[in-house]
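J.: Predicted model and sequence follow; I will ask about them next.
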Amino acid sequence: MISFLFRRLLVIVPTLVFVSIIIFGLQQLLPGDPATALAGEDRDPDVIAFIRSKYHLDQPLPVRYALWVGGVLHGDLGESIRIKQPVLDLVLEKLPVTAELALFAIVIALVIGIPAGILSAVKNGTVWDYAANVVALWGLSTPNFWLGILLILLFSVELGWLPASGFVSPRENLGDNIRSLIMPAFVLGNAIAAVMMRHTRSAMLQVMASDYIRTARAKGLSERIVVVKHGLRNALIPIVTLGALEFGQLLSGAVLTEQVFTIPGFGKLIVDAVFNRDYAVVQGVVLCTATAYILLNLFADLMYFLVNPRLRG
Amino acid sequence: MSLAAARDSAVAASPSAVPQRERGPWRRAFVRLVRRRGALIGAGVVLFFVALALLAPLISPYDPLAASFMTVRKPPSMAHLFGTDEIGRDVLARVIWGTRASLLAGVVSVSISLAIGVPLGLLAGYRGGWIDGLMMRFIDAMLACPFLILAIALAAFLGPSLTNAMIAIGISATPTFVRLTRGQVMSAKVEDYVEAARAVGNPHWRIALRHILPNILAPVMVQATLAIAAAIIAEASLSFLGLGQQPPAPSWGSMLNTAKNFLSQAPWMALWPGLAIFLLVLAFNLLGDGLRDALDPRQR
């Protein structure tokens, strides 16, 4: 276990180094001189010289990279040009909103995806299987910002049941908080439900063809117990670990969903930063999401190792 | 030549007379593909959209950029089948012309991913060693950045335009092709036919390009088809956020971005571009799924 963890951690280090190189490299894509761009319309030579010195733009590239990484390792992701606030503070401020949305979305994805996958596998080749596959294709092919717009049109504009936009903190009003998150969470969970359904279906098909399922049936157990106790429990191992890898899709989807429903989360932070040319925020958000993704991958690997007796053996 | 001999030679030359086991692998895959209804429907819808894109100047009922303040936000009618937008432009004309941006983005982005990803995957998988180790850590790092977030960051730093959006999507999707190609090469390079090619003295580049590459193309093709679907959604997403096709040029994503501000007054503005994205992406997904089933050796 310890050697597995050690080997896994050893791989993370170079990956994180490359992530930092990619994110630092994004700056180099900016057309023209960044100091001139930051100096504004006047382009005062003194201001340009000050900016050059402040952001170490007068230093060679490797030195700038080392200084930037040094800052990041001390929790300094830079400062937002627009809000004049440290990027880390902004990220930590927006994170709970996106985390709550993501949690809701995952619950919805699990509630739809896993039963649909089980049904599709158990009723393989029947109309239920085709219906579940159609639902999965719908989930994979629907742009979530369009689905969001359609839901607003139906539930907010036509029926007036749910708020079209905005976010209410759970500390303010829990009921309104849930009402404000139902539609965005469904939109976000819809695509992930499709992926979960496909994972569940293939895992269940594989498990249901195993010898121990035949043995369970031969013992005269009811089909429900065979499917749930013997089939699903074993199929859940790859489903849970593969599900953890959907985190990236969740964050990508959150960018658009938060934009459609005007939710002040992580996704809206990066989009607003893009339009305000707040590049430190863009870099900070990408760095945080990539680090979170790597750590979640590690967690998924560890879970897989812990719950799979064959690997432990 | 006798009549019987001529008939025999004609029968032998006829493709239908070739026994199933003598058909090439691509032909067998094609036969399996056309037997799949979903894949055929997908291919049909893709062809329909390709025709729309190519024939846009001929079939578009109006100029997609022509504004008319006499026809602002008119609901669908015989004059404007899909209605009009906030400055009186015909929505059908813009949906037809918008097909070009979406298809172009899908094909060009995936071509960029293929052009970078396949050679890199071939090199990493064939050479192995430190080159492979270094490249894979870099690819892991790229994969750690969520696809759309990386595309948004790239598009933000490159500047908003359709060309830059295609480059951003293409670069963001590259790691998948590197990983896929590398994996396929690693399993192909230990096959007997590669060993035989090596034994007769072929240089490495020839083994990689002439012997390995053609044998790993099937999964790459499947992934490319599915990646086009993802790239079309990504382009629409970037245009929706204002980072892709710039107004007034028509794009389905930017049409939806405008439409969300007029949901109660002109819901049709949101319906058609979204439906077009959905249909085209669904078609590529169906085609990709069909291709995967047809080209997967385990299906044989």
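T.: Noted; the coordinates are in hand. Residues are numbered from 1 along each chain as shown, chains lettered A, B, ... in the order given.

J.: tell me the SS of the spatially most central residue of chain B?
T.: The centroid of chain B falls nearest to B:Ile228 when counting by CA atoms, centre = their mean (2.3 Å). State at B:Ile228, reduced to three classes by DSSP: H, G, I helix; E, B strand; the rest coil: helix.

J.: didn't it look like it was pressed against B:Val107?
T.: Yes: with contact defined as CB atoms under 8 Å, B:Ile228 reaches B:Val107; the gap is 6.6 Å. Where you see a C-beta, it was placed from the backbone N, CA and C, and this is true even at glycine.

J.: Contact partners for A:Gln59?
T.: Residues counted as contacts of A:Gln59 (CB atoms under 8 Å, 6 or more residues apart in numbering or on different chains) are A:Leu67.

J.: excluding its backbone neighbours, what's nearest the residue nearest to the centre of chain B?
T.: In this structure, B:Ile228 finds its nearest non-sequential neighbour in B:Gly106, 4.1 Å apart by CB to CB, 6 or more residues apart in numbering or on different chains.

J.: how far out from the middle of the chain is the host helix or strand of the one you found?
T.: In the assignment (DSSP states H and E), B:Gly106 maps to helix B:91-127. Computed by CA atoms, centre = their mean, to the nearest Å, the separation of helix B:91-127 from the middle of its chain amounts to 6 Å.

J.: how near is the residue nearest to the centre of chain B to B:Ser113?
T.: 10 Å (CB to CB, to the nearest Å).

J.: Touching both of these two, which residues are there?
T.: In contact with both B:Ile228 and B:Ser113: no residue, using CB under 8 Å, 6+ apart.

J.: and the closest residue to B:Ile87 other than its chain neighbours, what does it touch?
T.: If you skip the residues right next to it in sequence, B:Ile87 has B:Ala67 as its closest partner in space, 4.2 Å away by CB to CB, 6+ apart. Shown in contact with B:Ala67 (CB under 8 Å, 6+ apart): B:87-89.

J.: B:Ala67 belongs to a helix, doesn't it?
T.: No: if the criterion is three-state DSSP, then B:Ala67 is coil and not within a helix.

J.: Break down the stretch 201-300 of chain B into its helices, ranges please.
T.: Here the stretch 201-300 of chain B has its helices, by DSSP state H, counting those that start in this stretch, at B:204-206, B:213-240, B:252-259, B:268-295.

J.: Looking at those helices, which is nearest to A:Leu302?
T.: helix B:213-240 (28.8 Å; CB to CB).

J.: what is the orientation angle of the closest one with helix B:91-127?
T.: Relative orientation of helix B:213-240 versus helix B:91-127 (axes from the mean of the first three to the mean of the last three CA atoms, to 10 degrees): 140 degrees.

J.: in the stretch of helix or strand A:Ala121 belongs to, what counts as buried?
T.: Assigned by DSSP H and E, A:Ala121 belongs to helix A:87-122. Residues of helix A:87-122 classed as buried: A:87-88, A:90-91, A:94, A:97-98, A:100-102, A:104-106, A:108-110, A:112-114, A:116-122 (neighbour count, 16 or more other CB atoms under 10 Å in any protein chain shown).

J.: ok, then the element right after that helix?
T.: That would be, after helix A:87-122 and using DSSP H and E, helix A:127-141.

J.: That following helix near chain B anywhere?
T.: Yes: applying CB under 8 Å from any CB of the partner chain, one finds helix A:127-141 touching chain B at A:137-138, A:140-141.

J.: What are the contacting residues of that helix?
T.: A:112, A:116-117, A:119-121, A:123, A:190-191, A:193-195, A:197-198, A:201, B:229, B:278, B:281-282, B:285-286.

J.: What is the burial count for B:Asn202?
T.: 15 (other CB atoms under 10 Å in any protein chain shown).

J.: Pick the one among the residues of helix A:127-141 next to chain B closest to A:Asp301.
T.: Nearest to A:Asp301 among these, with distances taken as CB to CB, is A:Leu140, at 25.6 Å.

J.: The closest one and A:Gly267, how far apart?
T.: Distance from A:Leu140 to A:Gly267, by CB to CB: 20 Å.

J.: neighbour-wise, which of those two wins?
T.: More crowded of A:Leu140 and A:Gly267, by other CB under 10 Å: A:Gly267, with 30 against 22.

J.: The one helix or strand that one maps to: which residues count as buried?
T.: Following DSSP H and E, one finds A:Gly267 within helix A:266-275. By neighbour count, with 16+ other CB under 10 Å as the criterion, the buried positions of helix A:266-275 are A:266-274.

J.: Show me what the helix or strand following that helix is packed against.
T.: Using DSSP H and E, the next helix or strand after helix A:266-275 towards the C-terminus is helix A:279-307. The contact analysis (3 or more CB pairs under 8 Å, 6 or more residues apart in numbering or on different chains; DSSP states H and E) places helix A:279-307 against helix A:2-28, helix A:87-122, helix A:233-244, helix A:247-260, helix A:266-275, helix A:309-312, helix B:129-144, helix B:147-158.

J.: worst average pLDDT in those helices?
T.: Across these, helix A:309-312 has the smallest mean pLDDT, namely a mean of 64.

J.: hang on, the earlier thing: from the residues of helix A:127-141 next to chain B, which would you call buried?
T.: Using 16+ other CB under 10 Å as the burial test, the residues of helix A:127-141 next to chain B include A:137-138, A:140-141 as buried.

J.: A:Met183 and chain B, how far apart?
T.: Using CB to the nearest CB, to the nearest Å, A:Met183 is found at 13 Å from chain B.

J.: now the helix or strand harbouring that residue and helix A:233-244, what's the angle there?
T.: Taking DSSP H and E as the criterion, A:Met183 maps to helix A:174-208. Calculated by the same axes, to 10 degrees, helix A:174-208 forms an angle of 130 degrees with helix A:233-244.

J.: I'd like to know which elements helix A:174-208 is packed against.
T.: In terms of contacts (3+ CB pairs under 8 Å, 6+ apart), helix A:174-208 is packed against helix A:87-122, helix A:127-141, helix A:144-151, helix A:233-244, helix A:247-260.

J.: can you redo these as TSV with distance to B:Pro119?
T.: Below are the helices and strands packed on helix A:174-208 laid out as TSV (distance: least, CB to CB, whole Å):
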stretch	distance to B:Pro119
helix A:87-122	36
helix A:127-141	29
helix A:144-151	33
helix A:233-244	29
helix A:247-260	25
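
J.: Would you mind telling me which of those helices is nearest B:Ala188?
T.: Closest among the helices and strands packed on helix A:174-208, using CB to CB: helix A:233-244, at 26.0 Å.

J.: Nearest spatial neighbour of the closest residue to chain A within the stretch 201-300 of chain B, chain-adjacent residues omitted?
T.: In the stretch 201-300 of chain B, the residue found nearest to chain A is B:Gly274; the distance is 3.4 Å by CB to the nearest CB. The spatially closest residue to B:Gly274, leaving aside those adjacent along the chain, is A:Trp146, at 3.4 Å (CB to CB, 6+ apart).

J.: is it true that the one you found touches B:Leu271?
T.: No: A:Trp146 is not in contact with B:Leu271 according to CB under 8 Å; the separation is 9.1 Å.
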